[in-house]
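Asks: using only what follows, build the 3D model:
(2 chains)
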Amino acid sequence: MMKDNYRIASYCHIKNNEISLNGALIFKGEGPFKTFIKMAYQHFAVDYPKFFKMDNLSKLAFMAGDVLLKHEKVSPEQEENIAIVFSNRASSLDTDRKHQESIQDVTAYYPSPAVFVYTLPNICIGEISIKYKLYSENSFFIFDAFNPDYLFEYSSSILDSGKAEKVLCGWVDFDEENYEAFIYLVSREGSFIHSTEEIKRLY
Amino acid sequence: MNKGIAITGMGIISAIGNNVEENYSALISGKTGVSKISQIATIHKNAIKVGEIDLTNEQLEAQLGLTPDNNYSRTALLGAIAAKQAVANAQITNMKDYRTGLVSSTSVGGMDMTEKYFYQYLEDEAVQKYIDGHHAGDSTQKIAQQLGIDKSLVTTISTACSSAANAIMFGARLIKSGKLDRVIVGGSDCLSKFTINGFKTLMILSDTDNTPFDENRKGLNLGEAAAFLVLESDEAVRAGNKKVLAYVKGYGNANDAHHQTASSENGDGATLAMEKALKVAGMQPEDIDYINAHGTATANNDLSEGRAFQRIFGHKTPDFSSTKPYTGHTLAAAGGIEAVYAVLALQNNTIYPNLNFETPMKEFNLVPQTQTKEKELNTVLSNSLGFGGNCSTVIFSKKP
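Replies: Residues are numbered from 1 along each chain as shown, chains lettered A, B, ... in the order given. Sure thing, here's the model as predicted:
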């Protein structure tokens, strides 16, 4: 097939209180993640109240997705067939722990449905899909470390088989206070070659 | 390309019967399986009604000939019984003569045992065996063992209330793509405090019998059940000169991208799923003779599903009914249970009554079938709509 014909249109990083788009810093915040991500939300005038109900992993993935898709002029009104393939190492452990704490003590047993709903990592894909009205294919994989070979093969295969026009792909990891997002959009057009080497370089 | 996916066997255990015949006889005589809960000690016992299977775990274990040291959850017990019935019904004597897989679905898995023994797990060694039986995949592995399926594709699908429909769809696709010749597909879910309390918290449990598509519906009754179908390829059917009960003609799974748990009120997910299934089947809406609706009797589902009917069928919605008043909502198993009912409807040219219906909903003029009705049926559409708008449709037909 024509795997080498795909391109990476844009990519976005979020880590160390910085957000960058296509390698250029576009926002620098401060404080713990909670403060930083709220600053980013205000800076980019996201205006999406559901954001505040999300768990940390979803906030991280949503922010990266929002920055990138806005840049790519994707809008909820115009239906696009963009698949989402994310991966990480810590699954939804950050929220799993919060949920576990709420049921650990028999005498103070108070689980919250609002927390429980985020005890799966792929919920963050749902948050992006809901905002951008994506009815497309999606998958979430858990790896020991960033796995560009797998992501490359998987997104190429989605595009080869015609299941989607584009693939929003990458790594979104949140554990304790350590977080990192690196996502990119694979498309038929773009400035970067879609190859394992290039994904590694951009990462 | 569009190979026929034949159904050659079915098995079921539900609140209205321990096998296919008992289920059918209850369906046409309007006999419900919904009652007060008896097997689980819950503080909600007077506030809910459920579709419970009369047999105790001990009776089910005896049926399967299990030794006392087994660690089967009720989900695994029910699943193994229904799956064995299906295999016997398809007259399969040798699992190895074709590439045979198992796709089973569940939402609670071994939660029934975990909630029973959770606080004993750390100290009491005798009950620790159930820890291994907790995860959803364990019930599937046990069913595979019971059927003698090994070194083949054995997998579990857990997508809430659309699970078993997705298992059927996945099985059909495995055959269509030539990966397997025969796939046993379905689902199993037992009652548990986990689901009772969960749905109670969501405030969608009715304190009386559920009334699908009724203006005054108060929510759902939970149920427990298991059902499996044997799907076979054209070649396997021909080679074995097998009797075909019906065909899986079309299927579709969609998501409405609306909310993490609720379904969109205008029925986006169900509409997309039905559209896709019709497309795969190569059919038009008017080709559908009967719809076995998801119809859980929650405010959200029936409104959303009814609107989807109108969007697909316009003013000509075919006869439809929900069988949830018989069995309760059996969650991950529902798509399997209702697949068996759809095949029985085709075989007997009979539509089941939507029990407990009195008042049409004010949002539209959709009235379900309320009496048992005999009518030539060639095609039945079955909906399974899950939380979060994960919606699936399967279309069954008499002809390939």
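Asks: could you pull out the helices for chain A?
Replies: Secondary structure of chain A by DSSP state H: the helices cover A:33-43, A:56-71, A:93-104, A:113-116, A:123-132, A:148-160, A:196-202.
Asks: to chain B, which of the ones you listed lies closest?
Replies: helix A:123-132 (4.5 Å; Cβ to the nearest Cβ). All C-beta atoms are positioned from the backbone trio N, CA, C, and that covers glycine.
Asks: and that closest one, C-alpha only, in PDB?
Replies: Below are the C-alpha coordinates for helix A:123-132, written out as PDB (Å, rounded to 0.1, in the frame of the first residue of the first chain):
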ATOM      1  CA  ILE A 123     -12.700   8.500  28.300                       C
ATOM      2  CA  CYS A 124     -10.400  11.300  27.200                       C
ATOM      3  CA  ILE A 125     -11.000  10.300  23.600                       C
ATOM      4  CA  GLY A 126     -14.700  10.600  24.300                       C
ATOM      5  CA  GLU A 127     -14.300  14.200  25.600                       C
ATOM      6  CA  ILE A 128     -12.600  15.300  22.300                       C
ATOM      7  CA  SER A 129     -15.200  13.400  20.300                       C
ATOM      8  CA  ILE A 130     -18.000  15.000  22.100                       C
ATOM      9  CA  LYS A 131     -16.600  18.500  21.600                       C
ATOM     10  CA  TYR A 132     -15.800  18.000  17.900                       C
END
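Asks: starting at the chain centroid, how far to that helix?
Replies: Relative to its chain's centre, helix A:123-132 lies at 9 Å (Cα atoms, centre = their mean, to the nearest Å).
Asks: and the residue positioned nearest the centre of chain A, what does it touch?
Replies: Among the residues of chain A, the one closest to the centroid is A:Ala61, at 3.1 Å (Cα atoms, centre = their mean). By Cβ atoms under 8 Å, 6 or more residues apart in numbering or on different chains, A:Ala61 lies in contact with A:Phe86, A:Cys124, A:Ile125, A:Glu127, A:Ile128, A:Val172, A:Ala181, A:Ile183.
Asks: and what of B:Ser35?
Replies: By Cβ under 8 Å, 6+ apart, the neighbours of B:Ser35 are B:Ala15, B:Lys49, B:Val50, B:Glu52.
Asks: correct me if wrong: the third one contacts B:His329.
Replies: Yep, that's B:Val50 we're talking about. No - shown here, B:Val50 and B:His329 do not form a contact pair, counting by Cβ atoms under 8 Å, at 9.6 Å.
Asks: contact residues of the stretch 51-200 of chain B facing chain A?
Replies: Within the stretch 51-200 of chain B, the positions lying close to chain A (Cβ under 8 Å from any Cβ of the partner chain) are B:Tyr119.
Asks: residues contacting the lowest-mean-pLDDT helix or strand in chain A, please?
Replies: When the helices and strands of chain A are scored by mean pLDDT, DSSP states H and E, helix A:113-116 comes last with a mean of 89. With Cβ under 8 Å, 6+ apart as the contact definition, helix A:113-116 has outside contacts at A:Lys53, A:Asp55, A:Thr95, A:Lys98, A:His99, A:Ser102, B:Thr201, B:Leu202.
Asks: buried sites along that helix?
Replies: A:Phe116 (16 or more other Cβ atoms under 10 Å in any protein chain shown).
Asks: again with stretch B:223-240
Replies: Along stretch B:223-240, these residues count as buried under the neighbour rule (16+ other Cβ under 10 Å): B:223-233, B:236-237, B:240.
Asks: who has more neighbours out of B:Val50 and B:His329?
Replies: Ranked by neighbour count (other Cβ atoms under 10 Å in any protein chain shown), B:Val50 and B:His329 place B:His329 first, with 31 against 27.
Asks: run through the bridge partners of the more buried one.
Replies: Beta bridges link B:His329 to B:Leu222, judged by DSSP bridges.
Asks: measure it to B:Thr195 for me?
Replies: 9 Å (Cβ to Cβ, to the nearest Å).
Asks: and stretch A:32-52, what's its mean pLDDT?
Replies: In this model, stretch A:32-52 has an average pLDDT of 97.
Asks: oh, that last question was meant for stretch A:118-126, not what I typed.
Replies: 95.
Asks: do stretch B:73-82 as well
Replies: 98.
Asks: what comes up buried for that stretch?
Replies: By neighbour count with 16+ other Cβ under 10 Å, stretch B:73-82 contains the buried residues B:Ser73, B:Arg74, B:Thr75, B:Ala76, B:Leu77, B:Leu78, B:Gly79, B:Ala80, B:Ile81, B:Ala82.
Asks: OK, contacts around the residue in the stretch 251-400 of chain B positioned nearest to chain A?
Replies: Distances between the stretch 251-400 of chain B and chain A by Cβ to the nearest Cβ are smallest at B:Ala257, namely 4.5 Å. By Cβ under 8 Å, 6+ apart, the contact set of B:Ala257 is A:Gly126, A:Ser129, A:Ile130, A:Tyr132, A:Lys133, A:Leu134, A:Tyr135, B:Asp268, B:Gly389.
Asks: and for B:Gly223?
Replies: By Cβ under 8 Å, 6+ apart, the residues touching B:Gly223 are B:14-15, B:33-34, B:50-52, B:191, B:324, B:327-330.
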